[in-house]
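**Q** structure for the following, please:
(one chain, ligands or ions: 1)
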Amino acid sequence: MLHDPVCRDAALCIRNLSVSVEGRGVVQDASLCVPKGEIHGLLGPNGAGKTTLLRTLYRATRPASGRIEAFGREMDSHSHVEWAQVLGALVQSAGLLAGLTPRDIVEIGLEAKGLGRGEIRRRLVEALGIVGLTDKADQSADRLSGGELQRCYFAQLLACDPQVYVLDEPTNHLDLHYQLVLLDEVRRRGRTVLMCLHDLTLAMRYCHKVYLMQSGRIVASGAPATLLSRDMLMTHYRVDAQFRGTSLDVTGPV
Ligand SMILES: Nc1ncnc2c1ncn2[C@@H]1O[C@H](COP(=O)(O)OP(=O)(O)OP(=O)(O)O)[C@@H](O)[C@H]1O
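**A** Predicted coordinates:
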């Protein structure tokens, strides 16, 4: 039984989701449920379908079939504005809007929430402080480094603080300090999180549960310490590697 049973009380529930891209089934019959306040990780090799699955959650891609629910209510019964209040995403290769500053990028997200000026300012200052961009708040974002830009988009999400965080490779471009600072911050907030990760040590450190995707299907799921066995890493990641506690001992590719 690869699927979770009926997800009563789940904050985010995906049932039998399939997505086709150019006529090819890129996600096939995927089901998962994330209980409120848990962090779940979507793992798997390149091209497995992880990003495509996440894209359906923030409505960048339409599923061919299946259901997506948050807090028991179907995604399609929400307007786009309502859904954005429930679920926010940090995406790979977010487009950079020319000429905007980190302050603008964070404020754009907050203004869509209809908050007052005082609350917008409070959240802006807090989020830029967490991501370490206070000093660069007013410089053009096209002069930020890759990691600084990622932190800027992280600040936008943290400022909006939706109930469900969808994170596609959240540590892309981040140095080790900020990988830990920002994932610690997400965990501290106790929100419901579904994230794609290639860094298995981060999956081990932060995820309550992980799903392994392979060729569009979720082929296994479980607690990271159980799922990320030497056999699994050999079969699905084609590496000889083994976790010892939370550190990964890598011999090499096979
Ligand atoms: N716009 C697109 N047009 C054609 N094929 C696509 C498109 N987007 C994704 N695909 C294909 O769908 C499959 C899954 O891609 P996806 O980006 O979801 O994988 P992934 O698991 O996130 O991979 P990675 O770990 O490399 O980011 C790949 O074979 C990819 O080539």
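
**Q** residues in contact with the helix or strand encompassing Arg15: which ones?
**A** Applying DSSP states H and E as the criterion places Arg15 in strand 10-21. The list of residues contacting strand 10-21 from outside it, by CB atoms under 8 Å, 6 or more residues apart in numbering, reads 7, 25-38, 49, 52-53, 55-57, 61-72, 87, 163-164, 192, 194. C-betas here are computed from N, CA, C, even on glycine.

**Q** can you sort out which of these also neighbour the ligand?
**A** Residues of these in contact with the ligand (CB under 6 Å from any ligand atom): 26, 49, 52.

**Q** from these, which is closest to Met213?
**A** Distances from Met213 to those, taken as CB to CB, are shortest for Gly49 (5.5 Å).

**Q** right, and the closest one touches Asp29 too?
**A** No. Gly49 lies out of contact with Asp29 (CB atoms under 8 Å); the separation is 11.2 Å.

**Q** neighbour count: those two, which is higher?
**A** Gly49 (22 against 16; other CB atoms under 10 Å).

**Q** got a list of what the more buried one touches?
**A** By CB under 8 Å, 6+ apart, the residues touching Gly49 are 19, 26-28, 30, 213, 215-217.

**Q** quick one: buried residues of the strand holding Arg15?
**A** Residues of strand 10-21 classed as buried by neighbour count (16 or more other CB atoms under 10 Å): 10-15, 17-20.

**Q** do I have it right that Gly222 meets Lys209?
**A** Yes. Assessed by CB under 8 Å, Gly222 is found in contact with Lys209 at 6.7 Å.

**Q** how near is Asp184 to Leu202?
**A** Distance, Asp184 to Leu202, using CB to CB, to the nearest Å: 11 Å.

**Q** next one: Val210
**A** To Leu202, Val210 is 11 Å away according to CB to CB.

**Q** about what we covered before: from the buried residues of strand 10-21, pick the one nearest the ligand.
**A** When those are ranked by distance to the ligand (CB to the nearest ligand atom), Val19 comes first, at 8.5 Å.
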